[in-house]
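Novice: generate a structure from the sequence data that follows.
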Amino acid sequence: MKPWQQLPFQYSIHMQDKPGGELNHFSFLADLEKGNQDPRPEILKGLQKYLGDSGSIVAYNAGFETARLNEMTDAFLEYRDWWENNVNPRMVDLLKPFRSFAFYDSSQCGSSSIKVVLPSLVGSGYEDLDISEGGSASAEYWRISIQSNEPDDVDRIREALEKYCAMDTEAEALIVDRLKSIVML
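Specialist: Here you go, the predicted model:
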């Protein structure tokens, strides 16, 4: 690790085996009980298991996700070939049609953030979550990792982190489905 480098501690995957099929959810949140253990090997192992060998991997702002995966696989070289030859070529950036204004709704007010795009397309979003953006998620994870020894607080924040991260990947699936329905009109 380097100073100021982001350390992933969580992932969420919503997987659909076929168009219109059921969404299956898989997630990981680093265990605070393991103390200072680096969560990246466990994250890479889980991603390798769940991402499989075929199909598109949709990410909102794939550049961010790609950068984190590059950093992780630079540190854990046993995953480098898997990342470069299997996962990276399958990455699809769901942000692109919104950033380029290929799709735009006036309710977005010029924003291409998933937090704005989701409600503009499906009518609801992150409003009912206790944690609703990435900066707060990181701060709260740090807080319960370093400062809080209150079991109820830790459990509450872990649950909120799981819900927030799951909403991000479910949002991607909802946006893809809505865009498909618009295109088919």
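Novice: rest of the way, CA atoms for contacts and neighbours
Specialist: Fine.
Novice: buried residues in the worst-scoring helix or strand of the chain on mean pLDDT?
Specialist: The weakest-scoring helix or strand in the chain, judged by mean pLDDT, DSSP states H and E, is helix 134-146 (a mean of 90). Across helix 134-146, burial judged by 16 or more other Cα atoms under 10 Å covers 137-138, 140-141, 144-145.
Novice: from the middle of its chain, how far away would it be?
Specialist: Chain-centre distance of helix 134-146: 16 Å, with Cα atoms, centre = their mean, to the nearest Å.
Novice: before we move on, what about stretch 77-90?
Specialist: How far stretch 77-90 lies from its chain's middle: 18 Å, per Cα atoms, centre = their mean.
Novice: residues of it that come out buried?
Specialist: Applying 16+ other Cα under 10 Å to stretch 77-90 flags 79-80, 83, 86-88, 90 as buried.
Novice: adding distance to D31, write the residues you listed out as JSON lines.
Specialist: As requested, the buried residues of stretch 77-90 are arranged in JSON lines below (distance: Cα to Cα, whole Å):
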{"residue": "Y79", "distance to D31": "22"}
{"residue": "R80", "distance to D31": "24"}
{"residue": "W83", "distance to D31": "24"}
{"residue": "N86", "distance to D31": "28"}
{"residue": "V87", "distance to D31": "25"}
{"residue": "N88", "distance to D31": "27"}
{"residue": "R90", "distance to D31": "29"}
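Novice: what about this protein, any weak spots by pLDDT?
Specialist: Within the chain, the segments meeting pLDDT under 70 span 33-36, 148, 185.
Novice: quick one, strands of it?
Specialist: Ranges of strands in the chain, per DSSP state E, are 10-16, 23-29, 57-59, 91-93.
Novice: export those strands to a markdown table and tack on distance to L44?
Specialist: Output for the strands of the chain, formatted as a markdown table (distance: least, Cα to Cα, whole Å):
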| stretch | distance to L44 |
| --- | --- |
| strand 10-16 | 10 |
| strand 23-29 | 11 |
| strand 57-59 | 15 |
| strand 91-93 | 16 |
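Novice: what would those look like in CSV with distance to E65 and mean neighbour count?
Specialist: What follows is these, written out as CSV (distance: least, Cα to Cα, whole Å; neighbours: other Cα atoms under 10 Å):
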stretch, distance to E65, mean neighbour count
strand 10-16, 10, 19
strand 23-29, 15, 15
strand 57-59, 7, 19
strand 91-93, 9, 16
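Novice: what's the angle between the least confident helix or strand of the chain and strand 10-16?
Specialist: Angle of helix 134-146 versus strand 10-16, following axes from the mean of the first three to the mean of the last three Cα atoms, to 10 degrees, is 130 degrees.
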